[in-house]
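A.B. asks: Just a sequence and a predicted model for now, questions to come.
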Amino acid sequence: MNDARSDFAIETQRLSRFYGDRYALRDLTLAVPRGGVHALVGRNGAGKTTLLRVLLGFVGPSGGTSRVLGEDSATLSAEVRGRIAYGTEEHALPGWMTVASLRALHARTYPRWDEGAYGEVARRFHLPDARRVSHLSNGQRAGLALALALAQSPDILLLDDPTLGLDPVARQTFVETLLFVGKRDETTVIYSSHDLDEVERVADDVIILVDGGLAAFAPPDQIHARISAWILDDLPEGCAIPGLLQARNIEGQTQIVVLDQGADFGSRLEALGARGLTPWPLGFDRAINAFLSGYGTRRDS
Amino acid sequence: MIQVVTGDPRPIFKQIVDGIRLRIASGEMPPGTRLPSVRALAMQITVNVNTVAKAYLELTADGLIESRKGVGLFVCEPRQRRSDSERQRLLDEAVAHFVSDVIPLGFEPGEIVDRLKRDLEPLTNRIAKEPGK
Amino acid sequence: MRPLLEAEILRFRTAALAGAAAHAAILGAIGTFGDLFTASGESVVLGIVCYALLGLLLGVYQVGSYRRLGAFSYLIHRPLAPARILLALTGAAAVLLSFVALLPLLVAAVIFPTDTRNLLVAPLVLGICLAFYLIGVFLVLNPSRARFAALLVPGVLLLGDVSTGGAFLTIGGVLLWLWILAAAAFKPDLSTHLDRPLPISALALPTQLVLLKGLSLALVFIYSLGVAASEVGWRNIPAFGWNDHFPEDTLHRLEYLSGGEALASALRRAGLNPQFDANAAFELSPGHREPQRRGQLMIHDRGHTFNDQARSLRFTFSHDLMLFTGRVRRTGQAAGWLGPGGYAEGELPRIRFEEVPEVVDGHHLVSLRRVYSVSGRLAVAPVFEAPANEAIVAVVFPEAGIEPAAVLTDRALHILAPRRLAIPFEGDVRNLSRAIVAPREGELLVLFIFGAESDQDGAPASQTLGLVDRAGHYRKVAEMPLRQGPPAWMRHRSVLLAPALAFATEAALRRPLPNPSLAVVLGAVLLSLISAALTGFVARRRRLASGWAWSLAALLAGLPGFLTFLLLTPRAEPPRMPLGR
């Protein structure tokens, strides 16, 4: 039978998902340990939503396996589902219910309901008890979804792009709440985001998906450290830059971003004929940006 | 207060470490100042608790701050935490790094030294005021 | 489960209140100004359609709203098994529908005095609503194109038993059937087709029936076009008159002729004088209607209302009393009873009808074995009684008269005028297409045309011409077989397309089983083998695990089986993953 106490919260083995004519997920092998906040990063269509849906069994894999809390995703038991909280994209909740009735329904449905946690989150977002969900603002709905999720005392919290479309205040409240309210240390949080600054601040690990495949799974600092940028005046024609992610021409100078090239990159490139090489410090979001746009396409294997 | 800046090439924990270091060095946080708890600082700047913990760990390892059980974290007296040879080694390292960063820029050495003096001078005054050797 | 059930009930509470009020108002209006539980055929059908739509819309809206919002994951992702989540939703629907549909009907059955049997209309209606609710849920969730075939499943009720007990058993079966489908479709991954044998069979059967009917109709259409084109050319097809196509000695041709023309044709064929007074000819045909029974379901009621224009009274037949209960038209005030002994006020008549009568042409009553005439003074007189082992099937009345001209029972034709005479006929009355009678010079010409159930060669087709002489004796003059119009393969198209299904449906409709020729049987076998082979081939390409089961089913179900397989199984699996990049 399944080992319900496996070491990993989420495990996929060569997970693939095919849609019509392309692969949304491609040979994805991932093992997420329990605890911690893991950000899921990737371009649109990289497979983030598909991965979350496969993990929860809403979509079947075309190949490979997916396990959550020790159980196969396609046959998740009701008990395990109760220990996974899921926030959909756009926080889809039944619009006809009031905030209070939705809270009451969830309180009666989930055995480990934490009323204190719900109340704390609801207070932060100023959720009006008597209002229908369809009349809530985006930010309030996001807050409600988060409140309902956190109050379940889940083992795993899966959030699909929860801060998309939120105004800066709501976004800040959301991130603060996620980090500091109600979440127990054992809760594993996986949430996808396009806001790389937020990811750098919030995530213990970043899971980067490129074209349906796993490109990186490491703390933000580690990934950041692998990426460096340089400016050069002159590059001979036909010179192949090792580990190139991105190259841009800015007012006569070439700016390149490279991956995994080490400290001797400068001297190596000068040996190849480059001139005027200067290191260019990159912020996290610029670095990841370059990674996302260049990984796998121009990489010298 | 401690700032974490978007687009800064340094990792976040490094920014925190450097920020606290600078404030300690400039006298903004004299010895005995109580630092916010890990959780409190994390909430102030909206950063993962583990990142703050990592920063505090490094500062503690460097001897800049210490944890008093049951009370909190405090800035240490600027006692001699390192041996002379270690201090010299660290200074040599920092200078070597600085030089390699700066040489390609094409300034005259004299210009570089003047620029250095501009930043060090205010700090030198303060360091001179404190006893600690 | 209970929290979700309660939440869903509360969700629709306003709509339910409004619906119940509207329903009650409609019932009240009909009951006050008309007769609520003695509606005519069209009204009953309209009512059933409305209740079915109510259930269907509730199912589609309730579950569909979750899907539309992208909130289906919210619905299904909870610590509750999917079947129990569906049970909560269905339970809520049952409560809501009970309030909107069942309750007002029960109240109406109590307020507007009718038969006890009419109390059963309410739960039956609830069953219909719930059945279509489950269909609605299934339609919203299942991705297969064949899912609309589920709409057919409640149709089983139409085949069902006339007596009350059987109907509830049938509706229970329908609900179970549809629950299997809905529960199989209610799962986290909505893109997958049904994958377990029981739900697949539950959907496959109605799908095959629909496909069989569709293919059958298509064949008829193509055949008709072909015949028309060959007869008059493609350009003149719209002007093609089907009637003249078949020769005179075919059953098909005879069906297009009027009674007089058919009789003339038979006389000519027998070599006799085809002249007679066509205006005095009349005909009777069985009409394929089940006789009425005491305590039957309301949907099978016919001719329950007798109107007395002179006194502005309306009489409605009551199964409880086996009498007509009278009511003043405008006020609804009670106004006596009408029984076999006539009109009575004050006290219930002691003599009741023995069988349920049907009001025919405004002043005759026809029950299982008797015909009564009702005079303007509401006097009831029996004018015909069939022998003990016969049941009346059709009656024809002359223009102005109390007595019928003739009565057709399930065994004999009874002539009443000019003289009483019983002419037995051979064979099942269901196979009798029509009986035509015409007087000529004091004698009566009688023609029986058999073959109503002969299109698939399960019953014979022939015409029997007879004569009643002046002395009143009947003798058979000629017995002539009738050919079928369309060719054998056309008539046996259902057997060709899906032999097992064809036989099963004929048996279920209580018609004679088809009797195909060897050629048709061989053709059916060939088509079945081809279907099975095609199914196996496509199953292999789609890399399905249980391809052999589908092939076997296609062997039994023929071409509809193959098409059902195509509709119910997912398209090709994704190609093998390319390794590396």
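C.D. replies: Alright, I've got the coordinates.
A.B. asks: And residue 21, what's its pLDDT?
C.D. replies: Because you didn't say which chain, this covers chain A. On the pLDDT scale, A:D21 is placed at 80.
A.B. asks: The intended chain is chain B.
C.D. replies: 90.
A.B. asks: just checking, it is part of a strand?
C.D. replies: No. B:R21: not assigned to a strand; according to DSSP: H, G, I helix; E, B strand; the rest coil it is helix.
A.B. asks: Give the buried residues for the host helix or strand of A:L102.
C.D. replies: Using DSSP states H and E, A:L102 maps to helix A:99-109. Neighbour-count burial for helix A:99-109, with 16 or more other C-beta atoms under 10 Å in any protein chain shown as criterion, is recorded at A:99, A:101-103, A:105-107, A:109. Just so you know, the C-beta spots here come from the backbone N, C-alpha and C atoms, and that holds for glycine as well.
A.B. asks: would a markdown table of those residues with pLDDT be doable?
C.D. replies: Formatted as a markdown table, the buried residues of helix A:99-109 follow (pLDDT from 0 to 100):
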| residue | pLDDT |
| --- | --- |
| A:V99 | 96 |
| A:S101 | 95 |
| A:L102 | 96 |
| A:R103 | 96 |
| A:L105 | 96 |
| A:H106 | 96 |
| A:A107 | 96 |
| A:T109 | 95 |
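A.B. asks: which residues does C:G332 contact?
C.D. replies: C:T32 (C-beta atoms under 8 Å, 6 or more residues apart in numbering or on different chains).
A.B. asks: How much space separates it from C:A310?
C.D. replies: 18 Å (C-beta to C-beta, to the nearest Å).
A.B. asks: out of the buried residues of helix A:99-109, who's near chain C?
C.D. replies: Among those, the ones lying near chain C by C-beta under 8 Å from any C-beta of the partner chain are A:101, A:105, A:109.
A.B. asks: Tabulate these (a markdown table), appending distance to chain B.
C.D. replies: What follows is those, written out as a markdown table (distance: C-beta to the nearest C-beta, whole Å):
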| residue | distance to chain B |
| --- | --- |
| A:S101 | 32 |
| A:L105 | 31 |
| A:T109 | 30 |
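A.B. asks: mind listing what the residue in the stretch 1-150 of chain A positioned nearest to chain B touches?
C.D. replies: Of all residues in the stretch 1-150 of chain A, the one sitting closest to chain B is A:V37 (6.6 Å; C-beta to the nearest C-beta). Listed by C-beta under 8 Å, 6+ apart, the contact set of A:V37 reads A:178-179, A:189, A:191, A:202-205, B:48.
A.B. asks: Return the subset of the residues you listed lying in strands.
C.D. replies: A:189, A:191, A:205 (DSSP state E).
A.B. asks: Please convert the residues you listed to CSV, extending it with distance to chain B.
C.D. replies: Formatted as CSV, the ones in strands among the contacts of A:V37 follow (distance: C-beta to the nearest C-beta, whole Å):
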residue, distance to chain B
A:V189, 11
A:Y191, 13
A:D205, 10
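A.B. asks: still on that earlier bit, which one of the contacts of A:V37 sits closest to B:D62?
C.D. replies: Nearest to B:D62, judged by C-beta to C-beta, of the contacts of A:V37 is B:N48 at 21.3 Å.
A.B. asks: Tell me the spatial nearest neighbour of that closest one, not counting adjacent residues.
C.D. replies: Of all residues beyond its chain neighbours, the one nearest B:N48 is A:V202 (5.6 Å), with distances taken as C-beta to C-beta, 6 or more residues apart in numbering or on different chains.
A.B. asks: which residues sit in contact with that neighbour?
C.D. replies: A:37, A:39, A:175, A:178-179, B:46-48.
A.B. asks: for C:D308, same thing?
C.D. replies: The contact partners of C:D308, by C-beta under 8 Å, 6+ apart, come to C:314-315, C:326, C:378.
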